[in-house]
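Peer 1: Predicted model, plus sequence, below.
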Amino acid sequence: MLRVPSACLLLLLSACSAEVVVETEPFDQSVPVTSLLEPVYAEVAIDVPNEAVGDVIVRDISADLTIVNPTRALTLEVGARLSLSGQATPEQPVLYTNNNLPAYFNAASVLLPTQAFAPGANQPVTIRDPVLVQAAGKPRIWLIINNTVKRVGIGTDTLPVNILLNDITFHATVTKPFEGVGGALEVGGM
């Protein structure tokens, strides 16, 4: 039986691939809330950093953001889905309602179940959902954010208002193979 010290094994493996930690630059997204009780959907496009595009193996992936309800009297309800198809561009979100949902909407995976955010809420959220793995290797992904006014309290807020998704950051540890770098290892079938 051939025994290879673990340090040597790691060195051999590193000749064929590299583990890369990828993190997007934090960005903010303001989502207009224009409806009462019925959700409006805002589709947002996100370009994935080059290090995580192509033939990658995901070791770990998560997303961090802060959801802010800047109103004084409105309870806003928000949820998010991940889609591998979309119409939005990073510069131009696309809005739709239940009356004109795109065909790919039902295939989008729920990342953040719909929940209510009280007036003035400033809530950090971390998403560690296996569905994020679907995004790995893709050059662009889309978030579909549903939102609506759930309750109206005493105050002077008027529609439209915006729910704020602040400091959205995706973190991933991926292994990216480098084909043709293995040299004798590839010839030897290792």
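Peer 2: Thanks, I have the structure now. As the structure is a computational prediction, the values presented were derived from the model and not from experiment.

Peer 1: Every contact and neighbour count from this point should use C-alpha atoms.
Peer 2: Will do.

Peer 1: Help me confirm that L132 comes into contact with R59.
Peer 2: No. Taking Cα atoms under 8 Å as the definition, L132 is not a contact partner of R59, at 11.5 Å.

Peer 1: which of these two has more neighbours?
Peer 2: L132 (21 against 13; other Cα atoms under 10 Å).

Peer 1: Chain neighbours aside, what residue packs nearest to that one?
Peer 2: I61 (6.7 Å; Cα to Cα, 6 or more residues apart in numbering).

Peer 1: Same question for P113.
Peer 2: By the measure of Cα to Cα, 6+ apart, the closest residue to P113 outside its immediate chain neighbours is G79, 5.1 Å from it.

Peer 1: now that neighbour: how far from V20?
Peer 2: Using Cα to Cα, to the nearest Å, we find G79 at a distance of 30 Å from V20.

Peer 1: go on, P90?
Peer 2: In terms of Cα to Cα, P90 sits 24 Å off from V20.

Peer 1: which one of these two has more residues nearby?
Peer 2: Neighbours per residue, other Cα under 10 Å: of P90 and V20, the larger number sits with V20, 16 against 13.

Peer 1: D60 is in contact with the more buried one, correct?
Peer 2: No. V20 lies out of contact with D60 (Cα under 8 Å); the separation is 10.7 Å.

Peer 1: what residues are shared contacts of the two?
Peer 2: T173, V174 (Cα atoms under 8 Å, 6 or more residues apart in numbering).

Peer 1: hmm, back to that, residues contacting the residue nearest to L132?
Peer 2: R128, L132, V133, F170, H171, A172, T173.

Peer 1: Tell me if the second one really is in a helix.
Peer 2: Yes. Remark: L132 belongs to a helix, assigned using DSSP: H, G, I helix; E, B strand; the rest coil.

Peer 1: what's the nearest residue to D47 once chain neighbours are set aside in contact with, if anything?
Peer 2: Leaving aside its chain neighbours, D47 sits nearest to R140 (4.4 Å; criterion: Cα to Cα, 6+ apart). R140 makes contact with A45, I46, D47, V48, L84, according to Cα under 8 Å, 6+ apart.

Peer 1: Look up the residues forming beta bridges with the closest residue to the last one other than its chain neighbours.
Peer 2: In space, not counting the residues next to it along the chain, L84 is nearest to I141; the distance is 5.3 Å by Cα to Cα, 6+ apart. Taking DSSP bridges, one obtains I46 as the residues bridged to I141.

Peer 1: Going forward, the N-terminal residue is numbered 57.
Peer 2: Taking 57 as the first residue, the last one we looked at is I197.
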